[in-house]
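Asker: structure for this input, please:
(2 chains)
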Protein chains: 2
Amino acid sequence: MKIPIEISARHIHLSKEDLEKLFGKNETLIPLKKLSQPGEFASDKTVDLINKDKKLLHVRVLGPLRKNSQAEISVTDSYSLKLSPLPKIRVSGDIADTTEILVKGEKSSIKIPCIIAKRHLHLSEKEAKSLKLKNNQEVSIKISGERGVIFNEVTTRISEKFRAAVHLDTDEGNAAGISGKTFGELVK
Amino acid sequence: MKIPIEISARHIHLSKEDLEKLFGKNETLIPLKKLSQPGEFASDKTVDLINKDKKLLHVRVLGPLRKNSQAEISVTDSYSLKLSPLPKIRVSGDIADTTEILVKGEKSSIKIPCIIAKRHLHLSEKEAKSLKLKNNQEVSIKISGERGVIFNEVTTRISEKFRAAVHLDTDEGNAAGISGKTFGELVK
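Answerer: Below is the predicted model of the structure:
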């Protein structure tokens, strides 16, 4: 089965409460661009991520709003920001006990948990069933080409809201030589 | 066989002629730190890599001097510099027909060829023989851990001057979750 490979650049998710702290009372996220997973979108808003004198500017806020805020950055970003210790490698939403990062919006700055996204495979329940995969399983994805690679430790994330796509971060995408539309192969 | 994994950050190699253009007549490279391959060293000199208004500052010049100058950067670096087209993915020394980059030294600036280093496995002739490997062959290296990965398309580079080590760039190292001393396994 050929599965689309998608690269997530650094971004943040916000709770309603944190959105209002950063951008003002009754602010909302306006969708600018649909993402591949149904309902997910890049919003009109960006923030700066700050650690002492180091900054990453214009980092996109993704929508919709979530229960908890989190920043997702690459290892390269973590070194650029001189974050220490490095953020934990986690699936989205698992934000206990990881490094925090200062986020600057239009109205104020707040600290939110920061993770390095663990690579994962989104699947609908139907797709998972036909592949005989369960949620939260580790699988391997092969990507061919000049920088061909097999990514092990790819976590399945199964939901009726999802559809088949492997999500990698920019370090992983660049290490695999991915640019433009790419497909991977489930190898176990 | 366990093989040490080493991560190469962005760097440049210079010819004698280009060293003198950048730093002045009769300048030499003074070794600051030995690298793992016998005879190779990080020198006392750094340059800036420039593309229009984008810069990567304090990029290390490695020694000894070579016949031809070349810059080696990551895909992430290429995007930071907004280089277009992207440099070619090449083994060191294969600099025909790749993107050039402006290099600024203490005395002047010159353009030199720029590549993204193709991942490779250094071996001495004796090591290669015991592994039944020939020069310029493609092999796979498995790295275990939280971001476990199998890198395919790893080119063997065999010489009496070399000793066993896999060289990856920073994107590849970060994608594989490498920090500190790490070993890989030859899988074919």
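Asker: excluding its backbone neighbours, what's nearest A:Lys107?
Answerer: A:Gly24 (5.1 Å; Cβ to Cβ, 6 or more residues apart in numbering or on different chains). C-betas here are computed from N, CA, C, even on glycine.
Asker: and for A:Leu186, the neighbour number?
Answerer: Applying other Cβ atoms under 10 Å in any protein chain shown, we find 19 residues neighbouring A:Leu186.
Asker: is it in contact with A:Ile5, as I believe?
Answerer: No - using Cβ atoms under 8 Å, A:Leu186 is not in contact with A:Ile5, being 11.6 Å away.
Asker: okay, and the common contacts of these two?
Answerer: Common contacts of A:Leu186 and A:Ile5 (Cβ atoms under 8 Å, 6 or more residues apart in numbering or on different chains): A:Ile141.
Asker: name the SS class of A:Lys129, please.
Answerer: A:Lys129 falls in the helix class when you classify it by DSSP: H, G, I helix; E, B strand; the rest coil.
Asker: low-confidence ranges, chain A, go.
Answerer: A:188 (pLDDT under 70).
Asker: need the residues of it near chain B, please.
Answerer: Within reach of chain B by Cβ under 8 Å from any Cβ of the partner chain, chain A has these residues: A:74-76, A:86, A:89, A:118-119, A:145-153, A:169-172, A:174-177, A:179.
Asker: hmm, try it at 7 Å
Answerer: Contact residues, chain A versus chain B (Cβ under 7 Å from any Cβ of the partner chain): A:74-76, A:89, A:146-153, A:170-172, A:174-175, A:177.
Asker: quick check: the residue nearest to A:Lys107 vs chain B, distance?
Answerer: 32 Å (Cβ to the nearest Cβ, to the nearest Å).
Asker: correct me, but that residue touches A:Gly105?
Answerer: No - counting by Cβ atoms under 7 Å, A:Gly24 stays clear of A:Gly105, with 8.6 Å between them.
Asker: in stretch A:152-164, which residues are buried?
Answerer: The neighbour-count check on stretch A:152-164 (16 or more other Cβ atoms under 10 Å in any protein chain shown) flags A:152-158, A:162, A:164 as buried.
Asker: all helices for chain A, in order.
Answerer: Along chain A, counting by DSSP state H, helices occupy A:16-23, A:75-80, A:125-130, A:170-175.
Asker: okay, now the domains of chain A?
Answerer: According to automatic domain parsing, chain A comprises the domains A:10-117, A:120-186.
Asker: chain center to the longest one, what's the gap?
Answerer: Pointing back at domain A:10-117 there. 10 Å (Cα atoms, centre = their mean, to the nearest Å).
Asker: how long is it end to end?
Answerer: End-to-end distance for domain A:10-117, by Cα to Cα, to the nearest Å: 9 Å.
Asker: what residues of stretch A:34-49 count as buried?
Answerer: Buried residues in stretch A:34-49, counted by 16+ other Cβ under 10 Å: A:35, A:37, A:41-43, A:45, A:47, A:49.
Asker: which one is A:Thr99 nearest to, not counting chain neighbours?
Answerer: Per Cβ to Cβ, 6+ apart, closest to A:Thr99 is A:Pro87, 4.5 Å.
Asker: you'd agree that neighbour is up against A:Asp77?
Answerer: No - A:Pro87 is beyond contact range of A:Asp77, at 9.1 Å (criterion: Cβ under 7 Å).
Asker: ranges for the strands of chain A?
Answerer: A:2-8, A:11-13, A:31-34, A:41-51, A:54-63, A:70-72, A:88-90, A:100-104, A:109-117, A:120-123, A:138-143, A:149-158, A:165-169, A:182-186 (DSSP state E).
Asker: who are the packing partners of the fifth one?
Answerer: This means strand A:54-63. strand A:11-13, strand A:41-51, helix A:75-80 (3 or more Cβ pairs under 7 Å, 6 or more residues apart in numbering or on different chains; DSSP states H and E).
Asker: take the ones you listed and write them to JSON lines, including distance to B:Ile30.
Answerer: Listed next are the helices and strands packed on strand A:54-63 as JSON lines, based on distance: least, Cβ to Cβ, whole Å:
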{"stretch": "strand A:11-13", "distance to B:Ile30": "44"}
{"stretch": "strand A:41-51", "distance to B:Ile30": "34"}
{"stretch": "helix A:75-80", "distance to B:Ile30": "27"}
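Asker: circling back to that earlier point, write a PyMOL command that selects only the buried members of the residues of chain A next to chain B.
Answerer: Listed next is the PyMOL selection for buried residues among these, using 16+ other Cβ under 10 Å:
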select buried, chain A and resi 74+75+76+89+147+148+149+150+151+152+153+170+171+172+174+175+177
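Asker: hang on, the earlier thing: any chance of the strands of chain A in TSV, with distance to B:Ser130 too?
Answerer: Compiled in TSV, the strands of chain A are given as follows (distance: least, Cβ to Cβ, whole Å):
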stretch	distance to B:Ser130
strand A:2-8	37
strand A:11-13	48
strand A:31-34	54
strand A:41-51	47
strand A:54-63	46
strand A:70-72	44
strand A:88-90	36
strand A:100-104	48
strand A:109-117	38
strand A:120-123	39
strand A:138-143	29
strand A:149-158	26
strand A:165-169	36
strand A:182-186	33
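Asker: between those strands, which one is nearest to B:Ile12?
Answerer: Of all these, strand A:54-63 sits nearest to B:Ile12, with 24.5 Å by Cβ to Cβ.
Asker: next, the angle from that closest one to strand A:100-104.
Answerer: 80 degrees (axes from the mean of the first three to the mean of the last three Cα atoms, to 10 degrees).
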